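> Give me a model of this one.
(2 chains)
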Amino acid sequence: MLRADGLGALDIERFWWILFGISAAVFAIVLGLMMVALARRHRPVPADEAAGKHPEDEPAWGGSFILFSGVVVPAIILAGTFGLTLHEMNVLSSPGHHAAMTITVTGHDWWWEARYPGGAITANEIHIPTGEVVRVRLLTADVIHSFWVPQLQTKTDMIPGRTNETWLETGQPGRYRGQCAQFCGLQHAHMIFYVVADPPDTFATWLAGQAQPAPPPTGALATAGEQIFTTQTCAGCHAIRGTSAAARIGPDLTHIASRQTIGAGVLDNTAGNLAAWITDPQHAKPGADMPPTDLTPDQVQALVAYLQTLN
Amino acid sequence: MATVHDATSSSSPSLEEMWGEPQGLGSWLSTVDHKRIGMKYLVTAMVFLVAGGVESLIMRAQLAQPNLHLISPEVYNQLFTMHGVTMMFLFATPVLSGFGNYLVPLMIGARDMAFPRLNAFGYWVFLASGIFLYSAFLTGHVPDAGWFNYVPLSGPRFAPGINIDFYALGLIFVAISTTAGAINFIVTILKMRAPGMSINRIPIFVWGELAMSFSIVFALPTLTVACVLLELERKFGFHFFDAGHGGDPLLWQHLFWIFGHPEVYIIILPALGMVSALIPTFTGRRMVGYIWIVIAEMATALIGFGVWTHHMFTTGLPQVAISFVALSSFFIAIPSGVQIFAWIATLIAGRPRLKTPMLFVLGFLLVFVIGGLSGVMFAAVPFDQQVHDSYFVIAHFHYVMVGGLLFPLFGALYYWLPKMTGRMMGEGLGKWSFWTMFAGFNVCFFPMHVMGILGQPRRTYTYQAGLGWTGPNLISTIGAFLLGLGIALTFWNWVWSRWHGAPAGNDPWGGDTLEWATTSPPPEYNFETIPTVASLEPTWDQPNLRDGAQPPEAGGRPLLGGHLTLSTSLLDGTPRAVVFMPHATLAPVIASLGLLVGFWGVVFGAWLLAGVGATVFAGGMIDWFWPRHQTQET
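Numbers count the residues shown, from 1 in each chain, chains lettered A, B, ... in the order given. Down below sits the predicted model:
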């Protein structure tokens, strides 16, 4: 958040510094008064107190001191902060009404699916154009998750039976890390995604490419890989548009080679990591729904070769 | 309570004969003496503090570096769930019941709590429910969905094992104890005060226990209801929370937090009361703004019921509803501010003596102010939506909980343990303990603010390198162990003082409330004569109270006619009735044992076992209520 890059997060960051300033001032005052009390403890003791008597009356200033510093001043500060809060709530909710595009993001145990207008589907990587407000519809396939990209926007929960909305906007092209913020079970820690912001024309090209089905594989190894994918257990959960694999349990892999990570941000998307992940996903992400496979090393090699063609 | 008038007489057995309980190990099972029950609460709660603390240290060790594998994600999730459940239900609330149990009758000049057997029952049910929850470790079915246990993660579909049943049944179980204790406090405080202790002479700590008890009575039923609904859903296929069948997961969140937020004040209010009890003693000055503080405590308890939705700012509730909750969440800060500035006024007006208890109070003040300020930030909705469920939240509520509860509590321990055992704790060791705890606490939890603002979500068993989280996490882990060491020093001090502490005498600190008038430790009957109180600070103002034996001509009432205490009127504390008090009995421990067996039967679906438990429970109850003779009390 201290590295905010999105309209929403930048706004919050400004708000935070105001809150921090007020808090620091209040803390300094309390600390100062405490120091005064400690410094004053060495003042001379009146004779009756030295004899064990306790002063009878409250100090004359006691009531007004409490009223002023405990009620009046805090009420003014709190009322001001409340007004600022209402203003910020308004600022943060407005842009969502003027969104250029809507992306639907669904939380799963423990990965993210994003659907774009035009049929493109990605997993654990959400692309947005820079300089435009993108509305994000938030759904869940199972338990409650929470959509959070600290550098861009506040978090919003994904709750069964409800559709929530948030929005994203950034002027800075780049890659922004997001992570599930509501405890969702074993691999809550590894439910990571990235928001990739590109200039609008780059984004448009990307979106058109992602909407296309996967091209038929070229070369013997990749063709064998496709064969393995569609006939072995892979197709039981995953889809690759353009092939017979159409299951919707795990992430859509139509353009997996274009993604930067696998396993919801757990591993970089390299050939070695892909092979390791396919062989035993439970090693990198214990508890993940994907079971270990009993493919031979040759089969894994073919499969990886095929997946790497899916740009 | 049957009441008998004119029961005092001169030709009767001594107070020792009437109030003395058998000594020895077995008598700890049957005792109904509020002091022994209070001590049992204290020790048991401290054992659970150690358990919850060890759980947190294992978690901090796992998080010392990114991508560690000291423990599995399963175990991590179990540990943070049990850490939360333990600290809230098995440490914080019971430890305050312990102090309250020990101190409230002494502070109000009564000979016992209003319902001594219910008191014993409350303790045994607390212990039994703690054993029940921790027995989950033996069978390997430890709750693992967090202390707020959101559905559907904790529902039958995503948590098919009996782990969550241990949670839900355990909380229903412990609620029996907490509720029994709360009712007992309310009646005791309102009806059993010494003559002359009108409502404006009630010590602030006692007000704190009263505020806590009312909050418990009104807040806890929603948690119990939520847990019952969850068990119906889990065990019998109901659909209260199942969105696929017309239920709503947010129902759980509402029910949980309608309880959960007042729970924060249930814990904080008596602890703030402890602070208000210590400050006059260690400044030599009457509390400035007594009325302000009492009203503030009550206002906090009341407003505390109107802020629960601020735990749900990210769930997509309507903005208008949220803004009202934000308003009440901002303004609940005012009563806390009032108390803080009343304490500061007293510190300035008096002369702080920096004994160990006072160090804990001053440490509390700094930490609690930071926790309060970050708490106000959560009322600022957009900021909350950013840092909600991040480490910033963990930092905040530990500043409130450890600052607001643990520091006052340890100060209170140094302050009152000499009254309870008759021996002083070591002052030098106490100061070492304070400074270690204070440093360890801040080193542990302050960096968590930074982690949260940098985007680290809570409840993750590990984290990736290169995100700026590694350094603060390592620092935090070091602080956690330092905090643990500081706590251990006080425990050592406690044990050491048992044999080597200097004799305390009646009033080692120059305290102002009634408990300092009697001997340390107090006799079974607390006061030889039930005093007549004429001041908010009776021990300062009424020299005739010394040794707890106010002479009859000064208003002391011996009440020698039996096992008796006095009941007075609610507002002005005029004597109304003499009350027969019950004697020691095994019925509460038997009934609690029955409940434990019964709950085990239910959690495992072993209905025969549940039946056995219910029968034992019924047996205990029948013995408890069996009419014996005229003065037999419940």
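
> what does stretch B:337-348 contact?
With C-beta atoms under 8 Å, 6 or more residues apart in numbering or on different chains as the test, stretch B:337-348 has contacts from A:30, A:33-34, A:36-38, A:40, A:59, A:61-62, A:65-66, A:69-71, A:74, B:272, B:275-276, B:279-280, B:283, B:285-289, B:292-293, B:295-297, B:365, B:368-369, B:372. No exception for glycine: its C-beta is placed from N, CA and C like everyone else's.

> PyMOL command for the buried members of those?
Selecting only the buried entries of the contacts of stretch B:337-348 in PyMOL, with 16 or more other C-beta atoms under 10 Å in any protein chain shown as the criterion:
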select buried, (chain A and resi 30+33+34+37+59+62+65+66+69+70+71+74) or (chain B and resi 272+275+276+279+280+283+285+286+287+288+289+292+293+296+297+365+368+369+372)
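
> Ramachandran angles for the residue of chain A found nearest chain B?
Nearest to chain B, among the residues of chain A, is A:Gly161, at 2.8 Å (C-beta to the nearest C-beta). The phi/psi pair for A:Gly161 (degrees, to the nearest 10) reads phi 80, psi 0.

> Touching, it and B:Ala243? I think so.
Yes: if you go by C-beta atoms under 8 Å, A:Gly161 and B:Ala243 touch, sitting 2.8 Å apart.

> Now do the shared contacts for these two.
With C-beta under 8 Å, 6+ apart as the test, A:Gly161 and B:Ala243 both reach B:Pro249.

> Nearest to the spatial middle of chain A, which residue is it?
For chain A, A:Trp148 is the residue whose C-alpha lies nearest the centre (C-alpha atoms, centre = their mean; 2.4 Å).

> next one: chain B
B:Thr93 (2.4 Å).

> That residue against B:Ile267, yeah?
Yes: B:Thr93 lies in contact with B:Ile267 (C-beta under 8 Å); the separation is 6.5 Å.

> what residues does the stretch 151-300 of chain A put near chain B?
Within the stretch 151-300 of chain A, the positions lying close to chain B (C-beta under 8 Å from any C-beta of the partner chain) are A:151, A:154-157, A:159-162, A:164-165, A:177, A:179-189, A:192, A:265, A:286-287.

> Could you tell me which of these belong to helices?
Per DSSP state H, helices hold no members of these.

> Where is the longest helix in chain A?
Chain A, longest helix under DSSP H: helix A:7-40.

> Which helix or strand contains B:Pro152?
Using DSSP states H and E, B:Pro152 sits within no helix or strand.

> how about A:Val45, secondary structure?
coil (DSSP: H, G, I helix; E, B strand; the rest coil).

> Skipping adjacent residues, who's closest to it in space?
B:Arg351 (7.3 Å; C-beta to C-beta, 6 or more residues apart in numbering or on different chains).

> In contact with the one you found, which residues?
A:40-41, A:43, A:45, B:283-285 are the contacts of B:Arg351 under C-beta under 8 Å, 6+ apart.

> mind running it again at 10 Å?
By C-beta atoms under 10 Å, 6 or more residues apart in numbering or on different chains, the contact list for B:Arg351 reads A:37-38, A:40-43, A:45, A:49, B:282-285.

> Point out the least confident one among those residues.
For the contacts of B:Arg351, the minimum pLDDT belongs to A:Glu49; the value there is 79.

> Wait, that residue touches B:Gly350, no?
Yes: with contact defined as C-beta atoms under 10 Å, A:Glu49 reaches B:Gly350; the gap is 9.5 Å.

> Neighbour count: these two, which is higher?
Using other C-beta atoms under 10 Å in any protein chain shown as the criterion, A:Glu49 and B:Gly350 rank with B:Gly350 on top: 25 against 15.

> Might one say that the more buried one is in contact with B:Asp512?
No: taking contacts as C-beta under 10 Å, B:Gly350 lies outside contact range of B:Asp512: 11.7 Å.

> Tell me how many other residues crowd B:Ala618.
For B:Ala618, the neighbour count with other C-beta under 10 Å is 12.

> Which helix or strand contains it?
Using DSSP H and E, B:Ala618 sits within helix B:607-625.

> One more: A:Ala208?
Following DSSP H and E, one finds A:Ala208 within helix A:200-211.

> what do you get for B:Gly598?
Going by DSSP H and E, B:Gly598 is in helix B:587-603.

> contacting residues around A:Gln107?
In this structure residue A:107 is Gly, not Gln. Neighbouring residues of A:Gly107 by C-beta under 10 Å, 6+ apart: A:113, A:138-147, A:157-159, A:180, A:182, A:184, A:191, A:193.

> helices or strands next to the helix or strand of chain A with the lowest mean pLDDT in the packing?
Within chain A, no helix or strand scores below helix A:47-50, which has a mean of 80 by mean pLDDT, DSSP states H and E. When contacts are defined as 3 or more C-beta pairs under 10 Å, 6 or more residues apart in numbering or on different chains; DSSP states H and E, helix A:47-50 sits against none of the other helices and strands.

> Whether the longest helix along chain B contacts chain A - can you check?
Using DSSP H, we find that the single longest helix of chain B is helix B:249-283. Yes: Helix B:249-283 is in contact with chain A by C-beta under 10 Å from any C-beta of the partner chain, via B:249-250, B:253, B:280, B:283.

> going on from that helix, what's the next piece of helix or strand?
Helix B:249-283 is succeeded, C-terminally, by helix B:290-303 (DSSP H and E).

> Tell me which residues touch the residue of chain B found nearest chain A, please.
Residue nearest to chain A within chain B: B:Ala243 (2.8 Å; C-beta to the nearest C-beta). B:Ala243 sits next to A:140, A:159-162, B:151-152, B:249-250 when contact means C-beta under 10 Å, 6+ apart.

> circling back to that earlier point, looks like the residue of chain A closest to chain B contacts A:Thr140 (just checking).
Yes: between A:Gly161 and A:Thr140 there is a contact under C-beta under 10 Å: 9.1 Å.

> for the helix or strand hosting A:His127, what is the average pLDDT?
For A:His127, the host element (DSSP H and E) is strand A:125-129. Per-residue pLDDT values over strand A:125-129 give a mean of 97.

> and the helix or strand following it, what other elements does it pack with?
Using DSSP H and E, the helix or strand that directly follows strand A:125-129 along the chain is strand A:134-140. With contacts defined as 3+ C-beta pairs under 10 Å, 6+ apart, strand A:134-140 has these neighbours: strand A:101-108, strand A:111-115, strand A:125-129, strand A:145-149, strand A:153-158, strand A:164-168, strand A:192-198.

> Tell me, how many residues neighbour the spatially closest residue to B:Pro531 that is not a sequence neighbour?
Nearest non-adjacent residue to B:Pro531, counting by C-beta to C-beta, 6+ apart: B:Gln550, 4.3 Å away. B:Gln550 has 26 neighbouring residues, counting by other C-beta under 10 Å.

> Quick check: B:Gln550 vs B:Pro508, distance?
21 Å (C-beta to C-beta, to the nearest Å).

> And B:Arg353, by the same measure?
If you go by C-beta to C-beta, the gap between B:Arg353 and B:Pro508 works out to 12 Å.

> Isn't A:Pro199 up against A:Gly131?
Yes: using C-beta under 10 Å, A:Pro199 is in contact with A:Gly131, at 8.0 Å.

> So which of these two has more stuff around it?
Legend: neighbour count by other C-beta under 10 Å for A:Pro199 and A:Gly131, higher for A:Gly131 (14 against 11).

> quick one: contacts for the closest residue to the more buried one other than its chain neighbours?
The shortest distance from A:Gly131 to any non-neighbouring residue, by C-beta to C-beta, 6+ apart, is to A:Gly171 (5.6 Å). Residues in contact with A:Gly171 (C-beta under 10 Å, 6+ apart) are A:5-7, A:10, A:130-132, A:197.

> interface residues of the stretch 451-600 of chain B facing chain A?
By C-beta under 10 Å from any C-beta, the residues of the stretch 451-600 of chain B that approach chain A are B:452-464, B:467-468, B:510, B:512, B:537, B:540-541, B:543.
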